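Enquirer: I'd like to go over a predicted model; first the sequence, then the structure.
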Amino acid sequence: MKSSQTFRLLMSVALGLTTLCAVAEDRPFELYARNHQSAVIAQDVGNYAAAERWHRKNLELVDTNPQAPPFTKVQARYYLANAMVLQGRLDDAEGVLTQAQALVDANPATHPIIRAHLQSNWGGLRVRQQQPKVAVEHLESALALMKSATVPADLLFATTKVELGRALARLGETAEAEKSYADALKAFANEGVTDSNPYVGDSIMEYKRLRKRLGLSD
């Protein structure tokens, strides 16, 4: 994702719920946001190992602060898991997502957008674990949660729609998959995210291949 867009989403989520500014004297919210932005910049150029290191810094930041809100501990974990997934370390990612899920289950009031992020991450993981039916369930749950949230989540919508397109394509539902990719790429374009981002670049190529299979012109 484009770093400025993802950073704005992070800020809107955090400010819409609570902030970490009040939980420690060294203003961990600002540090958390800077670390996250550094992770996104690394991820934008495909340096997923560096992104993982920055996300690990944030995980340590929230886990060592006893007053950190539960949602930040969930958030730090699903971002870390995403970096692992992008490196193909699916078992490691599943372990981190399982921790995040336990935190959400223990906190029923967790904001819908945080739940949506987690469900989207589960969906992306299941796609890569060759479990497309399970993936669709997670991804559709994520989309439903987004509808109920008051926090803008255009980039989350876009990535969720990409993963849904991948899952549907593997299930042979190519027409629905094509529509899901189209929704995703439109959302990315609206946010100014281009194919210079490896994830978006791959999504565009997958979309074009799918349209070719369907006999559709570009």
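Expert: Arrived safely, thanks for sending. Residues are numbered from 1 along each chain as shown.

Enquirer: pass me the low-pLDDT residue ranges in this structure, would you?
Expert: 1-26, 218 (pLDDT under 70).

Enquirer: ranges for the helices of it?
Expert: 3-17, 28-44, 48-63, 70-86, 90-106, 112-128, 132-148, 154-170, 174-190, 198-213 (DSSP state H).

Enquirer: how close does Ala39 get to Pro132?
Expert: 28 Å (Cβ to Cβ, to the nearest Å). C-beta coordinates here come from the backbone N, C-alpha and C atoms, glycine included.

Enquirer: now do Ile204
Expert: 21 Å.

Enquirer: again with Thr72
Expert: Taking Cβ to Cβ, one finds Thr72 at 31 Å from Pro132.

Enquirer: which one of those two has more residues nearby?
Expert: Thr72 (27 against 22; other Cβ atoms under 10 Å).

Enquirer: since we're on Ala169, how many residues are nearby?
Expert: Neighbours around Ala169, by other Cβ under 10 Å: 22.

Enquirer: right, and it touches Leu210 too?
Expert: Yes: assessed by Cβ atoms under 8 Å, Ala169 is found in contact with Leu210 at 6.1 Å.

Enquirer: any common contacting residues for these two?
Expert: Ala177 (Cβ atoms under 8 Å, 6 or more residues apart in numbering).

Enquirer: so Trp54 touches Ala33, yeah?
Expert: No: judged on Cβ under 8 Å, Trp54 makes no contact with Ala33 at a distance of 11.3 Å.

Enquirer: the two - which one has more neighbours?
Expert: The residue with more neighbours, out of Trp54 and Ala33, is Trp54; 22 against 17, by other Cβ under 10 Å.

Enquirer: check contacts around the residue nearest to the more buried one when sequence neighbours are not counted.
Expert: Nearest in space to Trp54, with sequence neighbours left out and distances taken as Cβ to Cβ, 6 or more residues apart in numbering, is Ala39 at 3.6 Å. Counting by Cβ under 8 Å, 6+ apart, Ala39 makes contact with Ala50, Ala51, Glu52, Trp54, His55, Asn58, Tyr79, Ala83.

Enquirer: much appreciated, bye for now.
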